[in-house]
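Undergrad: Give me coordinates for this.
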Amino acid sequence: RMETDCNPLELPNNTGLEEDSDYRDFEGTDVKDMRLEAEAVVNDVLFAVSNMFVSKTLPCAEDVAYINVETRERNRYCLELTEAGLRVVAYDFDQTDDSLQTPYHETVYSLLDSLSPAYREVFGNALLQRLEALKKDSQS
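TA: Numbering: from 1, shown residues only. Take a look at the predicted model:
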């Protein structure tokens with residue numbers, strides 16, 4: 001039996017980390033970690049871009065995954081997803097350009113917001129529709 005420094009039962013129930021899969025499963029960590037995270041990112045914003053998918057050619061690892069995205073303006077990007085966040089690593093699918101020094105974004109929302117005015121509009125409209133639906137629900 002392996003010794004651990006911390007008994008999980010002693011942790012408070014609401015650590016606020018439940019949503020963040022990086023913290024959810026320390027013992028079961030395997031190479032699929034960032035790929036799963038990348039898939040979640042894609043599913044979150046796919047409706048607001050032309051195309052988006054996890055790269056099958058660039059290597060995924062425990063600490064890095066690559067996401068290809070085509071904005072509604074038809075611009076293509078390859079994004080790197082790491083613990084530090086997301087950043088553009090190339091201006092085409094399945095590429096990395098080491099000379100690019102692009103900033104990291106904490107969320108895919110802020111990254112796409114900076115790249116694509118059309119994303120911003122579609123995402124904003126979706127948010128408004130959801131708010132209208134909530135308003136109707138609360139009035140009925």
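
Undergrad: any low-confidence regions in this protein?
TA: By pLDDT under 70, the weakly predicted segments of the chain are 1-32.

Undergrad: Just give me the longest helix of it.
TA: As assigned by DSSP state H, the longest helix anywhere in the chain is helix 117-139.

Undergrad: So what touches it?
TA: For helix 117-139, the external contacting residues (Cβ atoms under 8 Å, 6 or more residues apart in numbering) are 45, 47-49, 71-73, 109, 112-113. Bear in mind the C-beta positions are built from the backbone N, C-alpha and C, glycine included.

Undergrad: Who's the closest spatial neighbour of the residue nearest the centre of the chain, skipping the chain neighbours?
TA: When Cα atoms, centre = their mean is applied to the chain, the residue found nearest the centroid is residue 41 (3.1 Å). Counting by Cβ to Cβ, 6 or more residues apart in numbering, residue 41 lies nearest to residue 108, which is 4.8 Å off, once chain neighbours are set aside.

Undergrad: what sits against the one you found?
TA: Residues counted as contacts of residue 108 (Cβ under 8 Å, 6+ apart) are 41, 44-45, 79, 86.
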